[in-house]
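> make a model of this:
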Amino acid sequence: MDLFNKAFYLSFALIVLVIYLGSFSHKEIQLQNKNYHYWPIALLLMVAANLGFFFAGIEPAFFLSVGNTSLAFSALAIVLFIRSWDSSNSSISKNTFWVVYLLSLLAYEFLRVYASFNARVYLMTGLLGVLSLVGLVETFLLPKREMSAQVMVLKGTFFAHLLLVTVRAFNLTYSISSGSLVTTIYQEGTITGMLRALAVASNLLIYLAIGNILLEKVWRKEEKKSASTERKMLASLNSLAMARDNETGAHIVRTKAYVRRLAWRLRDQGSYVDQLSDRTIEQISDAAPLHDIGKVGIPDHILYKQGALTKDEWGVMKTHAFIGESVLTSTKVQLSDGNDDDDDDVIDLAIQIAGGHHEQWSGGGYPRGLKGLAIPLAARIMALADTYDALISERVYKEEWTHDQAVSEILSKKGIHFDPLVVEAFMQEQDHFKEIAQRHKDEALEGKVFRDLGQTVEQKLRRTEEKFEFLFKHSPIGMAMVDHTSGDFLEVNDALLAYTQYTKAEFLKLSFWDITPPEYANQEAEQIAQLNSTGSFGPNYKEYIRKDGSRFPISIRGFILADADGRKLVWGVIEDLSSIKQV
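Predicted coordinates:
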């Protein structure tokens, strides 16, 4: 039994040590939970407890006190860590925790010397039982947003631990009543020793459950981060599309609503059910505003021409479908993480829509002359939505059509221009189309602005620099330009100003170091070294300081540029992670 005990405690200490080392890998969770330190503390104390019990088999003096005190405070640290998952809960400071630990260690050493073995076992069994009960209660008090299958597993492990501790207490009582004379854990009988080992080992189940919960948090965080990045990417691309579109802003809103109605109706009528999950329908809707992003490559004198296009001009205009597909494909390649398994990403659907929304069911469309089901479903849906909106809207080259005229035109093109099943869905949804068109009708002033845009485009978007400035200013992601040598800010966009709460004039008086906490100095040195070595860095995770002195978590990446005078600049892209933390 003596050899079993030593082997058990040493093995358990090594297993928990591995988990302890892995606890430092969750950087984002550490930034967002100020009491995360109780997780590695709990693991470290469990390692100390098992090593204490191991050495107690060689020399009981003091090591037994370390083992039992560390075991109890490991359980306490677990309870404090679980409480920290609800930000409304109060907690004790790390310094207070260690002071109480040291005082308890001295108190237990006093008991080891002057109290009986049975008294000490009852004390430890009672403490561990109470802490297990408190831990179980805390799991039931967690906010609903924290509830998951892994939390249910954690509840089960706490209950199992509590049950084992209780059974051990009854077994101890039975042993005492039977006249057992035990003075150390290494003198316990087989059953009593096994119960003690199982009670200690059940902590491993608690650690595994918590580890799974943390992994699930990281996964959910990455998923939300990915969704947030995707939304911001779409917002930026939409800004680019609208900056060069000769349609009105309401056109984007209407076509997006049309596409969603058509997709839902198609599925409800039993068409393309396997291609139209809830997620896919929303993604098609999100991708719809990018259908004409290819117009970024169409010359201004054609895009904003007042009147009908010539044959040659129309040939140039038709290239916008292929240009849009190419722009979005390039975007996908630059954003790719190397995993091409997900074919249902928004960007993939946007590529299909941009490149295929002018294809025709009969094969007479452009740019590839695709026919029938060879045309992606998202593009077939977009084709009808875009056509309907073009028909009912006033343009410089045509008067607006009535709803009934548009319906008749689309119906006449069933099986020629449009997928027959999509036309059937449209006929079922035509009243909703009419309602959407009336609710989001072009304002007279807005129409005039776009009709006059051809006259003002040279002042607004003629130069590439001005187009870039438009995107820089309106990007939903923070951007800044920094002098590589001094770290002084040279330019900043509205998003970063909103993050930091400075005015532009105030911000441009600052340097990079003024808004970076000093404890990130080592990380900054590594970042600069990487920048000088490779020309870029990131993404890195840290904090920035707001004007009011408060901090917020960010991710940052950047690369080196050179201005016309050859001066080195650093272009930084900064994303505020506070919203992810709140989620």
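> can you pull the contacts of Q530?
S536, F537 (C-beta atoms under 8 Å, 6 or more residues apart in numbering). (Each C-beta comes from the backbone N, C-alpha and C, glycine too.)
> gap between the two ends of stretch 351-361?
One end of stretch 351-361 to the other measures 19 Å (C-alpha to C-alpha, to the nearest Å).
> wait, I meant stretch 529-541
Using C-alpha to C-alpha, one end of stretch 529-541 lies 16 Å from the other.
> which parts of that stretch are buried?
Neighbour-count burial for stretch 529-541 flags L531, F537, G538, N540, Y541 (criterion: 16 or more other C-beta atoms under 10 Å).
> nearest to L411 among these?
G538 (53.5 Å; C-beta to C-beta).
> tell me the secondary structure for that closest one?
Here G538 is strand, with the state taken from DSSP: H, G, I helix; E, B strand; the rest coil.
> how far away is it from L80?
Remark: distance between G538 and L80 (C-beta to C-beta, to the nearest Å) = 34 Å.
> check contacts around the residue nearest to K34 when sequence neighbours are not counted.
The shortest distance from K34 to any non-neighbouring residue, by C-beta to C-beta, 6 or more residues apart in numbering, is to S84 (7.6 Å). S84 sits next to N33, K34, N35, Y36, Y38, S91 when contact means C-beta under 8 Å, 6+ apart.
> for those residues, which one is nearest F552?
K34 (13.7 Å).
> are we agreed that the closest one is in a strand?
No - counting by three-state DSSP, K34 falls outside a strand, being coil.
> okay, it: pLDDT?
pLDDT recorded at K34 is 75.
> ok, V296 touching L328?
No - V296 is not in contact with L328 according to C-beta atoms under 8 Å; the separation is 10.9 Å.
> higher neighbour count, these two?
Using other C-beta atoms under 10 Å as the criterion, V296 and L328 rank with L328 on top: 24 against 18.
> once you drop chain neighbours, what's closest to the more buried one?
I351 (4.6 Å).
> of the contacts of S84 - the most surrounded one?
Most neighbours among the contacts of S84, by other C-beta under 10 Å: Y38, with 22 neighbours.
> backbone phi and psi for that residue, please?
When quoted as degrees, to the nearest 10, the phi and psi of Y38 stand at phi -70, psi -20.
> next up, the contacts around it.
Contacts of Y38 by C-beta under 8 Å, 6+ apart are A77, I78, L80, F81, S84, K94, F97.
> I'd say the last one and I41 touch.
To tie it back to what came earlier, the one meant is F97. Yes - taking contacts as C-beta under 8 Å, F97 lies within contact range of I41: 7.3 Å.
> between the two, which contacts overlap?
Counting by C-beta under 8 Å, 6+ apart, the residues touching both F97 and I41 are A77.
> more neighbours: the two, which one.
The residue with more neighbours, out of F97 and I41, is I41; 24 against 17, by other C-beta under 10 Å.
> does that one touch V79 like I think?
No - the pair I41 and V79 does not pass the contact test of C-beta under 8 Å, sitting 11.8 Å apart.
> in the stretch 301-450 of the chain, which spans are helices?
Under the criterion DSSP state H, counting those that start in this stretch, helices of the stretch 301-450 of the chain are mapped to 311-317, 320-335, 346-356, 377-392, 403-412, 420-439, 444-451.
> now the stretch 151-300 of the chain
Using DSSP H, counting those that start in this stretch, helices in the stretch 151-300 of the chain cover 190-244, 249-268, 278-287, 300-303.
> buried residues in stretch 91-109?
F97, Y101, S104, L105, Y108, E109.
> leaving out chain neighbours, which residue sits closest to the second one?
Across the structure, with C-beta to C-beta, 6+ apart as the measure, the residue nearest Y101 apart from its sequence neighbours is F73 (5.0 Å).
> dump the residue contacts of the one you found.
Counting by C-beta under 8 Å, 6+ apart, the residues that F73 touches are L45, F97, Y101, S104.
> list the contacts of stretch 272-288.
234, 255-256, 259-260, 263-264, 266-267, 344-347, 349-350, 353, 377-378, 381-382, 385, 421.
> quick check: mean pLDDT of that stretch?
92.
> ends of it, how far apart?
Rule used - C-alpha to C-alpha; the end-to-end distance of stretch 272-288 is 18 Å.
> residues of it that come out buried?
Buried residues in stretch 272-288, counted by 16+ other C-beta under 10 Å: Y272, Q275, L276, T280, I281, Q283, I284, S285, D286, A287, A288.
> relative to the whole chain's centre, how far out is it?
21 Å (C-alpha atoms, centre = their mean, to the nearest Å).
> with stretch 78-85 instead?
Centroid displacement of stretch 78-85 relative to its chain, using C-alpha atoms, centre = their mean, is 23 Å.
> mind starting the numbering at 784 from now?
Happy to do that; since the first residue is 784 now, the last one works out to stretch 861-868.
> could you give the mean pLDDT of it?
Here the average pLDDT along stretch 861-868 is 88.
> which one of the buried residues of stretch 1312-1324 is nearest D1297?
N1323 (18.1 Å).
> and that closest one, what pLDDT?
Value for N1323, per-residue pLDDT: 87.
> same thing with F953?
Taking F953 on its own, its pLDDT is 74.
> how close does it get to Y905?
From F953 to Y905 the distance is 12 Å (C-beta to C-beta).
> between these two, who's got more neighbours?
A direct count of neighbours by other C-beta under 10 Å for F953 and Y905 places Y905 higher, at 16 against 11.
> helix/strand/coil for the more buried one?
helix.
> how much space between it and G850?
17 Å.
> next: E1326.
Counting by C-beta to C-beta - E1326 and G850 are separated by 39 Å.
> between the two, which one's more packed in?
The residue with more neighbours, out of E1326 and G850, is G850; 25 against 17, by other C-beta under 10 Å.
> quickly find the element holding that one.
Per DSSP states H and E, G850 falls inside helix 846-866.
> dump that helix to CSV, keeping only the CA atoms.
Extracted in CSV, the C-alpha atoms of helix 846-866 (Å, rounded to 0.1, in the frame of the first residue of the first chain):
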residue,chain,number,x,y,z
PHE,A,846,5.2,17.7,4.2
LEU,A,847,1.9,16.4,5.5
SER,A,848,0.9,19.9,6.4
VAL,A,849,1.9,21.2,3.0
GLY,A,850,-0.1,18.5,1.3
ASN,A,851,-3.3,19.0,3.3
THR,A,852,-3.2,22.8,3.3
SER,A,853,-2.5,22.9,-0.4
LEU,A,854,-5.3,20.4,-1.1
ALA,A,855,-7.8,22.6,0.7
PHE,A,856,-6.7,25.9,-0.9
SER,A,857,-6.6,24.3,-4.3
ALA,A,858,-10.3,23.6,-3.9
LEU,A,859,-10.8,27.1,-2.7
ALA,A,860,-9.0,28.6,-5.7
ILE,A,861,-11.3,26.5,-8.0
VAL,A,862,-14.4,27.9,-6.3
LEU,A,863,-13.0,31.5,-6.6
PHE,A,864,-12.2,30.9,-10.3
ILE,A,865,-15.7,29.6,-11.0
ARG,A,866,-17.2,32.6,-9.2
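> run the chain-centre distance for that helix.
33 Å.
> wait, doesn't Y792 sit right on N833?
Yes - using C-beta under 8 Å, Y792 is in contact with N833, at 4.5 Å.
> more crowded one of the two?
Higher neighbour count among Y792 and N833: N833, with 26 against 23, using other C-beta under 10 Å.
> hang on, G1355 packs against I1343?
No - checked against C-beta under 8 Å, the pair G1355 and I1343 is beyond contact range at 10.8 Å.
> ok, these two, which is more surrounded?
For G1355 versus I1343, the count of surrounding residues by other C-beta under 10 Å is larger for G1355: 20 against 15.
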